[in-house]
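Student: please find the sequence and the predicted model below.
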Amino acid sequence: MAVHSSACPDPLKPRRRGLRLALAAAMAPLLQACSPLRVINALTPSDTHTVQRGVPYGDGERQQLDIYRPTQPAPHAPVALFFYGGSWSSGSRADYTFVGEALASQGIVTLVADYGLSPAVRYPGFLQDCALAVDWALARLPDWGGRSLCLVGHSAGAYNAAMLALDPRWLAGVGRHPSALNAWVGLAGPYDFLPIGIPEVQTAFHWPDTPPDSQPLFHAHRVHQAPPALLLAARQDVLVNPQRNSVALAQALKAQGVAVELALLERLSHATLVGALAKPLRGLAPVLPRVAGFIQARAQPLA
């Protein structure tokens, strides 16, 4: 029998931690390269989960998702539905294997969903796709032993999650209500971006005819009840201003009595905020424990 004592620390532990941090720092620029996610996914562990790919949640070509189940599932495991970013004009669920693995490694059944992209699909079409995915997931929670659903999104995907949680129109379209969600997590989300200057986003939102109620912050000032939220952003994000977006949304929701956790993290960029979920980059910041801990803490039976 092995005996472990805190009085005899591993002398290599600091060195190992230093090596992990050095590896994370060295790999971080890769996340901003031309094919960065391919590198991250190639280094993603495969023994923490099983995956079922290309499961349809609707009839559309991009209405499909991948299901990541923990290798050792717990009873009543929480379920997370992840929406990726890409200015509503690019992205694929296959690029986010590392997200499915990260959350599944923490005991969370994770769905990574595609949705319609601009210019083929424009606002509010992609929100309607995401609402359909939510309806599909809620109907199948018992299949995975789950009793709660949390939405998670990065960048444009965080916008999608926010709108489904704060604007009841979209879930109403599938016969649901935001109260069916236990919580939502926004990673570097754009929640207040009018006027629009980025050409791809202009196309996705019909600029200059973008309605004011397309913005999550618009609804945050008006909600009386909404699912609890965790908002994480990189303090030095130069793509999506964290003060105008994450901080302002948190303040508006708190003013309405909504439970919100907010953190601006150091040493991260817009891209490496979600990249820090990947095992090789976890030394950059505690994104995974913050997200997984929040989901697990909010994993209560649905009403």
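Tutor: Looks like it came in fine.
Student: next, residue 152: secondary structure please.
Tutor: Look at residue 152: counting by DSSP: H, G, I helix; E, B strand; the rest coil, its state is strand.
Student: is it bridged to anything, and to what?
Tutor: Residue 152 has these beta-bridge partners by DSSP bridges: residue 82, residue 185.
Student: and the pLDDT at it?
Tutor: The score at residue 152 is 98. That number is its pLDDT.
Student: that one: neighbour count?
Tutor: Residues lying near residue 152 (other CB atoms under 10 Å) number 29. For the C-beta atoms, the positions are set from N, CA and C on the backbone; glycine is no exception.
Student: hang on, isn't it packed against residue 184?
Tutor: Yes - counting by CB atoms under 8 Å, residue 152 touches residue 184, with 7.2 Å between them.
Student: who touches both of the two?
Tutor: Residues touching both residue 152 and residue 184 (CB atoms under 8 Å, 6 or more residues apart in numbering) are residue 161.
Student: and residue 259, what does it touch?
Tutor: Contacts of residue 259 by CB under 8 Å, 6+ apart are 228, 229.
Student: can we start the residue count at 10 from this point?
Tutor: Okay, residue one is now 10; in that scheme the one you just asked about reads as residue 268.
Student: and it, how far is that from residue 148?
Tutor: Distance, residue 268 to residue 148, by CB to CB, to the nearest Å: 26 Å.
Student: which one is residue 229 nearest to, not counting chain neighbours?
Tutor: Of all residues not flanking residue 229 in the chain, residue 261 sits nearest, at 3.8 Å (CB to CB, 6 or more residues apart in numbering).
Student: ok, that neighbour touching residue 225?
Tutor: No - the pair residue 261 / residue 225 is not scored as a contact, 9.1 Å apart, by CB under 8 Å.
Student: quick one: which of these two has more around it?
Tutor: Counting neighbours by other CB under 10 Å for residue 261 and for residue 225 shows that residue 225 has the greater number, 28 against 22.
Student: just checking, that one touches residue 172?
Tutor: Yes - the criterion here is CB under 8 Å, and residue 225 meets it with residue 172 at 5.8 Å.
Student: and for the closest residue to residue 296 other than its chain neighbours, the neighbour number?
Tutor: Using CB to CB, 6+ apart and skipping residues adjacent in sequence, the residue nearest residue 296 is residue 285, 4.1 Å away. Look at residue 285: counted by other CB under 10 Å, it has 28 neighbours.
Student: residue contacts, residue 285?
Tutor: By CB under 8 Å, 6+ apart, the contact set of residue 285 is 33, 277, 291, 293, 294, 296, 297.
Student: could you redo the last one with a cut-off of 7 Å?
Tutor: The contact partners of residue 285, by CB atoms under 7 Å, 6 or more residues apart in numbering, come to 277, 291, 293, 294, 296.
Student: can you add distance to residue 46, pLDDT and neighbour count and give these back as CSV?
Tutor: Shown next, in CSV, are the contacts of residue 285 (distance: CB to CB, whole Å; pLDDT from 0 to 100; neighbours: other CB atoms under 10 Å):
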residue, distance to residue 46, pLDDT, neighbour count
277, 16, 98, 24
291, 16, 96, 18
293, 16, 96, 24
294, 18, 97, 21
296, 16, 98, 24
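Student: which residue ranges of the protein form strands?
Tutor: 58-65, 73-79, 88-92, 118-122, 158-163, 192-196, 238-243, 269-274 (DSSP state E).
Student: would you mark the buried spots in the fifth one?
Tutor: Translated: strand 158-163. Under the neighbour-count criterion of 16 or more other CB atoms under 10 Å, strand 158-163 has 158, 159, 160, 161, 162, 163 buried.
Student: hmm, who's touching that strand?
Tutor: 87-94, 146-147, 150, 169-170, 173-174, 190-198, 283, 300, 304, 307.
Student: can you rerun that using 8 Å?
Tutor: Contacts of strand 158-163 (CB under 8 Å, 6+ apart): 87-94, 108, 112, 143, 146-147, 150, 168-171, 173-174, 189-198, 282-283, 300, 303-304, 307-308, 311.
Student: mind giving me the PyMOL select for the residues you listed, buried ones only?
Tutor: PyMOL command restricting the contacts of strand 158-163 to the buried ones, with burial defined by 16+ other CB under 10 Å:
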select buried, resi 87+88+89+90+91+92+93+94+108+112+143+146+147+150+168+169+170+171+173+174+189+190+191+192+193+194+195+196+197+198+282+283+300+303+304+307+308
